[in-house]
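**Q** just to be clear, the model below is a prediction. Sequence and coordinates:
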Amino acid sequence: MEKVFNNLSESLFSDLKQGEDVILSFSGENSQFIRFNNASVRQTGLVDDAEIELKFISNRRICGGGFTVSGNLEIDLKRGREEINRMRLETKEIPEDPFLVLPTNAGSSHEVKNSNGLNFEDSVDAILPTMSGVDFVGILANGKTFRGNANSLGQKHWFETDSYSLDYSLVTPGHQMVKGSFSGTDWNQNEYEAYVERSKQKLVLMERKPIKVKTGDYKTWFESAAVSDFLGMFSWNGISEASLRQGCSGFGKMRHNDIRLSPKFSIVEDFKAGFCPKFNSDGEIAPESLALIENGYLKNTLVSSRSAKEYDLTSNFAEAGEYLRSPNMSVGNLNHEDVVKSIGEGLFLSNIHYLNWSDNPGGRITGLTRYACFWVEGGEIVAPIETMRFDDSFYRFFGDQLLEVEDTQTVNPEVGTYGGRSLGATTCPGILVDSFSLTL
Amino acid sequence: MKLDVDIKKLLSAIDVPADWVGLREVYEAHTPRMIRDGVPVVNASASTHGIMVEVLVNGQFGYFGTPDMSSEGISRAAKKAYQQAEIASKHSVYSFNESARPAHKGSFSSPYTKDRKSLSAGNLNDILLEAYGHLKVSDKIVSASTLCQVIESNFKFVSSNGSDINQDFLMFEFDLSATAADGSNQQTRTFGGMRGTCRQMGMEYFDKYEIFANANRIGEQAIELLDAENCPTGEMDLVIAPDQMMLQIHESIGHALEVDRILGDERNYAGWSFVKLEDFGSLKYGSDLMNITFDPTLESEYASYAFDDGGLKATKEFLIKDGLLVRGLGGQESQIRSGLDGVANFRASSWNRAPIDRMANINLEPGSSSFDDLIGQVEHGVYVESNKSWSIDDYRNKFQFGCEYGRLIEKGKLTKVLKNPNYRGVSTPFWNSLKGVGDGDTFGIYGTPNCGKGEPNQVIRVGHASPTCLFDKIQVFGGV
């Protein structure tokens, strides 16, 4: 794939005229997808896919283009040249863009991670025997993913990785579920079987008769996976500078009213772990670490180069959408072994589901409990709970209601496959909250 | 650039000992344009083109999605799909035969009078820019945007048992948005968001004077909302406009009736359903006023088509008749697995994803009440328009929605403007509280371009049409 990327970018750039610039983004994968239900195969297949996105800049105007890469250089070059010709004509009739960001050559990068992964032919036999006797449902996504970026000034980045993720649920006869997500680069059968065994042990707890909890406010523990979902909301009308400037960010109270979150809450955008490329779709390299919220104080927002130009700021080379790509939340002091005792009476929530802003300016988020969520009494887990809706503000649960933060982080890999396999991960601990509101 | 591909020739060149082979070619081009705060932020066009090769081996389907549409590329893809299916066939959820892909021939084309090229990039930018000017009715409008996306799509499907289908679609999505702010007090009003206008039609939609009038209204309503009272909290009558009804139908009926979901395929992702296989024919889903149809025949609705992606011919069917659940959203595979009657809804987002049960056009049929009749029945309640927040549990029971714009209803009359109107409920009790259904004059056609489901994940376009409706004793509440 890298050869295809190099050939295409070099050939297309060589056709450009004086005063024209092009930024080329490449995204592709060779993937296996196996969908399981009832510990059997529901759907199985392979996908080879690669897309090129072009930004053509001329005469202070910018046009976008894109096409599927077939792998046949003659066809792909013809597609690329037609796109550039179309954009060349279109820049003559669309309005000028005063906040256009011109490409630069700030150096190139190359990162290829090969691994001893799971062969496509071996996947079914590696996964299913261990799941024998349990109601297992989920998806294996397996294979190579590619990202590239080049511009007509000679800057070039390439990122390639081999990975797998088995995202699954185990289900009791009473329809209670435990979530698992086994992912990595090198496949280790023993580690996989041990991971599944731990899921099966959790499932035993789920066989107890579920408790119907009343609506109201409860002391609540959120496992790392649930905290990761809350942090995901910061990427949607939250931490973006453009969202703040355009009046649609839940961070408005922090910016305008000097409201602070808990001193125990700190989050950075951190690329050191290498879960995703450091370069964005304009080929800009983000700082290795950027403090966003430090001890409850909004220190930085995500600022793309376009926002920087539009609002007269300094870019921190965020993606155009100014979303989190590799967030990392700081640890606290609570050991996981002490969590249930620390709850005393209240809720232990492993996962949450279907989050949305119910009042964005107020920071209020609604969603549901899901998977291994328990009622705790006398410092012990009593039973799973029936699904409950919550509606509460992050200004409370990351703010004045935040009691303790776990002393260990968990990596929650991005397993989404909309359009293609996602890269990235959210690294965070669990949190204990004094009062959290269940509403339905 | 769309390559000319002879898909029948490619099919005939495949040499694998499969029980059935199908090729589904998809070409799709998206052309979005957007003006924000008076400057162009998007002028783009991108296309995707590839073929999904599908084979049936020992009762198991296997697939390979590839952008390499050469004869060698497709033959290689078929061999690899065969290998995947053969390995998996020892562990299949269900052993299918050729009846899962019925043979049909036919074609479909979206209705339109003006194609994409009839409105140039320059002219479209001019209209969007002028509409932006109409949105910015005050300095308190801190941001405003206008957006249009044209989608052209061609779908071809051929199979070893004789299917030969060609479908062409021309679609667009359009929106106007104005955000008014005063410090952390922020209110956004749109033309229904991306769900407001998404239709199968051509550039004849662009009546610029109507667009400008709507832009003025939206800008003014954003300012009104900034100073409006918060929506009251309590149990009260709720009147819902069609541009919110569409998502109510989508979340609490559409997803709940997907048969693959009821069969458990989706449990690890979007979830299960409170509906069970034995509920069809017996569950009183809603009041007698409730009539829900799967209708791929409604002209210009977003997800109209003649055949689904498994080649099944699409027809209008009642899902819920006079409140009684009668039919599920199950394509041919789900119909075979469940033994239930279904519909032609086996759909994929593109050539690189396998079809699953999806909604298409799911509509609430009109009733007999005028808008004034509906409002006139309410002593104390709230009227809501345009979705801005949505959430529902994994069994499709406990939902919560937020809307952009509300009005208080007092003694049968619309009175004050309300901000942050929200409501919550549980699906079947909610639908059984339906006590008024608007007539054809209140009927609106909407849809959503981004319904997510499936593993691997897929986004698909669906349509929803509904009249204005009145519900009894709903939990309503406002903002912080």
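**A** Perfect, thanks for sending it.
**Q** what about the helices in the stretch 301-440 of chain A?
**A** A:305-311, A:339-343, A:394-395 (DSSP state H, counting those that start in this stretch).
**Q** and the first one, how far from the chain's centre?
**A** Same thing as helix A:305-311. Distance of helix A:305-311 from the chain centroid (Cα atoms, centre = their mean, to the nearest Å) equals 24 Å.
**Q** ranking the helices of the stretch 301-440 of chain A by burial, who's on top?
**A** Stretch with highest mean neighbour count among those: helix A:394-395 (a mean of 22; mean count of other Cβ atoms under 10 Å in any protein chain shown). No exception for glycine: its C-beta is placed from N, CA and C like everyone else's.
**Q** hang on, the earlier thing: quick check: which of the helices of the stretch 301-440 of chain A is nearest to B:Gly133?
**A** helix A:305-311 (18.9 Å; Cβ to Cβ).
**Q** I'd like to know which elements that closest one is packed against.
**A** helix A:241-245 (3 or more Cβ pairs under 8 Å, 6 or more residues apart in numbering or on different chains; DSSP states H and E).
**Q** what about 10 Å?
**A** helix A:241-245, strand B:39-57 (3 or more Cβ pairs under 10 Å, 6 or more residues apart in numbering or on different chains; DSSP states H and E).
**Q** against B:Val42, how distant is the residue nearest to A:Tyr323 when sequence neighbours are not counted?
**A** Distances taken as Cβ to Cβ, 6 or more residues apart in numbering or on different chains place A:Ser235 nearest to A:Tyr323, at 3.7 Å, with adjacent residues excluded. Applying Cβ to Cβ, to the nearest Å, the value for A:Ser235 to B:Val42 is 20 Å.
**Q** if we can go back for a sec, count of residues packed around the residue nearest to A:Tyr323?
**A** A count of nearby residues for A:Ser235, using other Cβ atoms under 10 Å in any protein chain shown, gives 19.
**Q** that one and A:Leu292 touch, don't they?
**A** No - applying Cβ atoms under 10 Å as the test, A:Ser235 and A:Leu292 come out as separate, 11.3 Å apart.
**Q** what touches both of these two?
**A** Common contacts of A:Ser235 and A:Leu292 (Cβ atoms under 10 Å, 6 or more residues apart in numbering or on different chains): A:302, A:324, A:327.
**Q** what residues are up against the last one?
**A** Yep, that's A:Pro327 we're talking about. With the criterion set at Cβ under 10 Å, 6+ apart, A:Pro327 makes contact with A:228, A:231-232, A:234-235, A:239, A:267-270, A:292, A:412, A:424-428.
**Q** show me just the buried residues among these.
**A** Buried by 16 or more other Cβ atoms under 10 Å in any protein chain shown: A:228, A:231-232, A:234-235, A:239, A:267-270, A:292, A:412, A:424-428, out of these.
**Q** now for residue 76: which residues touch it?
**A** This is for chain A. So A:Asp76 contacts A:4, A:7-8, A:11-12, A:50, A:52, A:67-70, B:67 (Cβ under 10 Å, 6+ apart).
**Q** actually chain B
**A** Counted by Cβ under 10 Å, 6+ apart, B:Arg76 has contacts A:48, B:53, B:64, B:66, B:68, B:70.
**Q** how does it look with 8 Å?
**A** B:Asp68 (Cβ atoms under 8 Å, 6 or more residues apart in numbering or on different chains).
**Q** do A:Ile139 as well
**A** A:Ile139 touches A:33-36, A:166-168, A:417, B:268-269, B:455-456, counting by Cβ under 8 Å, 6+ apart.
**Q** ok so, going back, now, which of the shared contacts of A:Ser235 and A:Leu292 sits nearest B:Ala354?
**A** A:Leu324 (30.7 Å).
**Q** give me the subset of the shared contacts of A:Ser235 and A:Leu292 lying in strands.
**A** A:Pro327 (DSSP state E).
**Q** possible to save the shared contacts of A:Ser235 and A:Leu292 as TSV with pLDDT?
**A** Listed next are these as TSV, based on pLDDT from 0 to 100:
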residue	pLDDT
A:Leu302	98
A:Leu324	97
A:Pro327	97
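**Q** give me the neighbour count for the residue lying closest to A:Glu377 once chain neighbours are set aside.
**A** Counting by Cβ to Cβ, 6+ apart, A:Glu377 lies nearest to A:Glu345, which is 5.2 Å off, once chain neighbours are set aside. For A:Glu345, the count of nearby residues is 12 (other Cβ under 10 Å).
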